[in-house]
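*Asks:* structure here, sequence nowhere to be found:
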């Protein structure tokens, strides 16, 4: 879980990078005592709202973030850093925005309904997918939007 070497706050998030020794992925971080990273806002908000319903969670936040994975020569291993935006324009994204939360929760349920076999987030397509012979396939059955 997590396993971040550090989770510093920053004003500006770095751009995405995809190299063999350095990967930066932009997305959203959910924090409530520890950090969890998501590449899309819908599962991040659903996760944060679910955590808030736990008796063990006394507060949470969903923030714009970047997950950095880089090989460390000193430690001779890959290390992850989570960069969390504190900027007013892109920092805390879900607090007190009930319309955004409702929209993202509907998107999350729709995506989970269409891709029940997947352990990774996939955007809704409007069609139910299936897992056939070891690979995902899109069926012709339309999924009804919420």
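*Replies:* Received the coordinates, thanks. Computed from a predicted structure; not experimentally measured. Residues are numbered from 1 along each chain as shown.
*Asks:* what's the lowest-mean-pLDDT helix or strand in the chain in contact with?
*Replies:* Of the helices and strands making up the chain, the lowest-confidence element is strand 135-142, at a mean of 72, by mean pLDDT, DSSP states H and E. For strand 135-142, contacts defined as Cβ atoms under 8 Å, 6 or more residues apart in numbering pick out 115, 117-118, 125-131. The C-beta positions use only the backbone N, C-alpha and C, and glycine is treated the same way.
*Asks:* restricted to buried residues, select those residues in ChimeraX.
*Replies:* Only the buried entries of these go into this ChimeraX selection, using 16 or more other Cβ atoms under 10 Å:
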select :115,128,129
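*Asks:* and which of the contacts of strand 135-142 is nearest residue 27?
*Replies:* Nearest to residue 27 among the contacts of strand 135-142 is residue 118, at 16.8 Å by Cβ to Cβ.
*Asks:* that closest one should be in a strand, yeah?
*Replies:* No. Under DSSP: H, G, I helix; E, B strand; the rest coil, residue 118 sits outside any strand and is assigned coil.
*Asks:* show me what the closest residue to it other than its chain neighbours is bridged to.
*Replies:* Excluding the flanking residues, the one nearest residue 118 by Cβ to Cβ, 6 or more residues apart in numbering is residue 136, at 7.0 Å. For residue 136, the beta-bridge partners are residue 131 (DSSP bridges).
*Asks:* that's a helix at residue 100, yeah?
*Replies:* Yes. Assessed with three-state DSSP, residue 100 lies in a helix.
*Asks:* does it touch residue 107 like I think?
*Replies:* No. Using Cβ atoms under 8 Å, residue 100 is not in contact with residue 107, being 10.5 Å away.
*Asks:* show me where this protein has helices.
*Replies:* Taking DSSP state H as the criterion, the chain carries its helices at 41-52, 98-114.
*Asks:* check which helices and strands the last one is in contact with.
*Replies:* Of the remaining helices and strands, those touching helix 98-114 by 3 or more Cβ pairs under 8 Å, 6 or more residues apart in numbering; DSSP states H and E are helix 41-52, strand 127-132.
*Asks:* can you tell me the closest non-neighbouring residue to the residue nearest the centre of the chain?
*Replies:* Central residue of the chain (Cα atoms, centre = their mean): residue 38, 1.3 Å from the mean position. Counting by Cβ to Cβ, 6+ apart, residue 44 is the residue found nearest to residue 38 once chain neighbours are left out, at 4.0 Å.
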